[in-house]
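> 3D model of this:
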Amino acid sequence: MALDTKTPVNEAPLNSLGFAKPPSETRVVVAMSGGVDSSVVAAYLADQGYDVVGVTLQLYDHGAALAKKGACCAGIDIHDARRVAEERGFPHYVLDYENIFKDAVIDEFADSYLGGATPVPCIRCNERVKFKDLLETAKDLEADCMATGHYIQRMMGDHGPELHSAEDANRDQSYFLFSTTPEQLDFLRFPLGHLPSKDATREMAAQYGLAVADKPDSQDICFVPDGNYAAVIEKLRPGAAEPGHIVHADGRVLGAHEGVIHYTIGQRRGLGIGGLSEPLYVVKLDVDNKQVVVGPKEMLATRKIPVREINWLGDEPFTSREEWHLKVKVRSTRPPREAIIRPISPTEAEVELLTPEEGVSPGQACVFYAPEGSRIFGGGWIWRGY
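Numbering: from 1, shown residues only. Reported below is the predicted structural model:
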């Protein structure tokens, strides 16, 4: 298994993590969630002779977590991570990040939903917790780098490390990692990004005898294990879900709702307004007026998208051009589409899609990709999708 580093010409030989010293003298902190991906990374690096230190984050109250399935960071996951470390013979630490996680991720998640947005807390967790506080902890542990089980590639370019999509497009996590900064990228390693499939990862887990080899992947946001976002919001912000009207875009009142947090842009099913001659979709969430606005499908089509909080990973300054002709993703499940990105400031832009997209929603990310090849040029946050 080759990692994501090339050996420069005329320099001392580099190890597989890109350092000019033996693996035994290279300390790497591995962020271990307890799943098969990060467990394979830790086992592989330990097997290669690296000075591995495993770290697992406790992100929220595990009293309820122990009883659920299919979500990351639960109590059973801490046990699984610790077991891998014990079997492979490297130290493992559990860090209590509950307060940090609540302040940096959960509270914004709740407030964004109440504001009519559709947030992506996994991105904020990577940005504000794993690649910020945990990364600083890794440096405090005198690590040379930090490795994770994410499916994304780090490649050396003419101007330093670059972020690239995973080899396996079905596992690619670039949408969730666009906010990784150049400084963080310099310290991070992603050993799984070049693998052809998740099956290859599970085969490695079996070769190392890891008990998590057949462990199911997590499917939901870790603190929303059943996918019921509204129930979590109501628990975090009691009484915040105020009832209102479901209104057609032409002004007709079609029904009632129990709170805009129960709806997302582009939703068609579960509106409770059947018997109409045309299929209707949620086209806008008007929080101020407590209205869920519905309309025909063509109203979902969006061509121009304001984006802010941009993290730029290009070689030239973002504002050095009036236009960037790239591809963009506006949802994690959709392929990149051709677009023109017009910088307004170093962190703001207007994105014009050459082909309109349906269901563009505030709170989602807009991630920038090279027109050809696998490089990621960063991205930003959609703050008004209509």
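> residues contacting residue 26?
Contacts for residue 26 (Cβ atoms under 8 Å, 6 or more residues apart in numbering) come out as 15, 17, 19, 50-51, 144-145. For glycine as for every other residue, the C-beta is placed from the backbone atoms N, C-alpha and C.
> same thing but 7 Å
Contacts for residue 26 (Cβ atoms under 7 Å, 6 or more residues apart in numbering) come out as 15, 17, 19, 50-51, 144.
> off-centre distance for stretch 47-58?
22 Å (Cα atoms, centre = their mean, to the nearest Å).
> of all the contacts of residue 26, which comes closest to residue 168?
Ranked by distance to residue 168 (Cβ to Cβ), those are led by residue 17 at 21.4 Å.
> my read is the closest one is in a helix, agree?
No: per DSSP: H, G, I helix; E, B strand; the rest coil, residue 17 lies outside any helix segment and is coil.
> how many neighbours does it have?
Neighbour count of residue 17, defined by other Cβ atoms under 10 Å: 20.
> of the contacts of residue 26, keep whichever come out buried.
Neighbour counting by 16 or more other Cβ atoms under 10 Å classes 15, 17, 19, 50-51, 144 among the contacts of residue 26 as buried.
> and the helices in the stretch 151-300 of the chain?
In the stretch 151-300 of the chain, the helices defined using DSSP state H, counting those that start in this stretch lie at 182-187, 198-207, 229-236.
> tell me which of the ones you listed sits nearest to residue 119.
When these are compared by Cβ to Cβ, helix 229-236 sits nearest residue 119, at 9.3 Å.
> and that closest one, C-alpha only, in CSV?
Output in CSV follows, covering the C-alpha atoms of helix 229-236 (Å, rounded to 0.1, in the frame of the first residue of the first chain):
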residue,chain,number,x,y,z
TYR,A,229,-33.3,16.5,12.6
ALA,A,230,-36.4,18.2,13.8
ALA,A,231,-36.6,16.1,17.0
VAL,A,232,-33.0,17.1,17.9
ILE,A,233,-33.7,20.8,17.2
GLU,A,234,-36.8,20.7,19.4
LYS,A,235,-34.7,19.1,22.2
LEU,A,236,-32.0,21.7,21.8
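> who are the packing partners of that helix?
helix 107-114 (3 or more Cβ pairs under 7 Å, 6 or more residues apart in numbering; DSSP states H and E).
> could you check how many residues crowd around residue 136?
Per other Cβ under 10 Å, the neighbour tally for residue 136 reads 12.
> got a pLDDT number for it?
pLDDT recorded at residue 136 is 95.
> same deal with the one 3 residues further on?
pLDDT recorded at residue 139 is 97.
> one more: residue 276?
Per-residue confidence (pLDDT) for residue 276: 76.
> in this structure, which residue is closest to the centre?
residue 176 (2.4 Å; Cα atoms, centre = their mean).
> let me see the contact set for that one.
Residue 176 makes contact with 122-123, 126, 332, according to Cβ under 7 Å, 6+ apart.
> redo those as JSON lines? Include secondary structure.
Output for these, formatted as JSON lines (three-state DSSP):
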{"residue": "122", "secondary structure": "helix"}
{"residue": "123", "secondary structure": "helix"}
{"residue": "126", "secondary structure": "helix"}
{"residue": "332", "secondary structure": "coil"}
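> of those residues, which is the nearest to residue 279?
Of all the contacts of residue 176, residue 279 sits closest to residue 332, with 24.7 Å by Cβ to Cβ.
> what is the neighbour count of the closest residue to that closest one other than its chain neighbours?
Nearest residue to residue 332, sequence neighbours excluded (Cβ to Cβ, 6 or more residues apart in numbering): residue 175, at 4.2 Å. Residue 175 has 25 neighbouring residues, counting by other Cβ under 10 Å.
> surely residue 192 is in contact with residue 151?
Yes: at 5.7 Å, residue 192 counts as touching residue 151 under the criterion of Cβ atoms under 7 Å.
> follow-up on the earlier one: let me know the pLDDT of the residue nearest to the centre of the chain.
Per-residue confidence (pLDDT) for residue 176: 96.
> kindly report the same for residue 260.
89.
> how near is it to residue 104?
Plainly put, residue 260 is 24 Å away from residue 104 if you go by Cβ to Cβ, to the nearest Å.
> between those two, tell me which one has more neighbours.
Just comparing residue 260 and residue 104: by other Cβ under 10 Å the higher neighbour count belongs to residue 260, 26 against 18.
> make sure the more buried one is actually in contact with residue 288.
No: in this structure, residue 260 is not within contact of residue 288 by Cβ under 7 Å, at 10.2 Å.
> can you check which residues contact both of these two?
Residues touching both residue 260 and residue 288 (Cβ under 7 Å, 6+ apart): none.
> one step back: among the helices of the stretch 151-300 of the chain, which comes closest to residue 359?
Among the helices of the stretch 151-300 of the chain, the nearest to residue 359 by Cβ to Cβ is helix 229-236 (16.2 Å).
> and the closest one, what's buried?
Buried residues in helix 229-236, counted by 16+ other Cβ under 10 Å: 229-230, 232-234, 236.
> residue ranges with poor pLDDT in the stretch 51-200 of the chain?
Within the stretch 51-200 of the chain, the segments meeting pLDDT under 70 span 61-74.
> residue 28 and residue 147 touch, don't they?
Yes: the pair residue 28 and residue 147 qualifies as a contact (Cβ under 7 Å) at a distance of 5.4 Å.
> next, show the common contact partners of the two.
Residues touching both residue 28 and residue 147 (Cβ under 7 Å, 6+ apart) are residue 45.
> which stretches of the stretch 101-250 of the chain form strands?
145-147, 152-157, 160-165, 188-189, 244-248 (DSSP state E, counting those that start in this stretch).
> turn these into a markdown table, columns for mean neighbour count.
Formatted as a markdown table, the strands of the stretch 101-250 of the chain follow (neighbours: other Cβ atoms under 10 Å):
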| stretch | mean neighbour count |
| --- | --- |
| strand 145-147 | 23 |
| strand 152-157 | 18 |
| strand 160-165 | 20 |
| strand 188-189 | 24 |
| strand 244-248 | 18 |
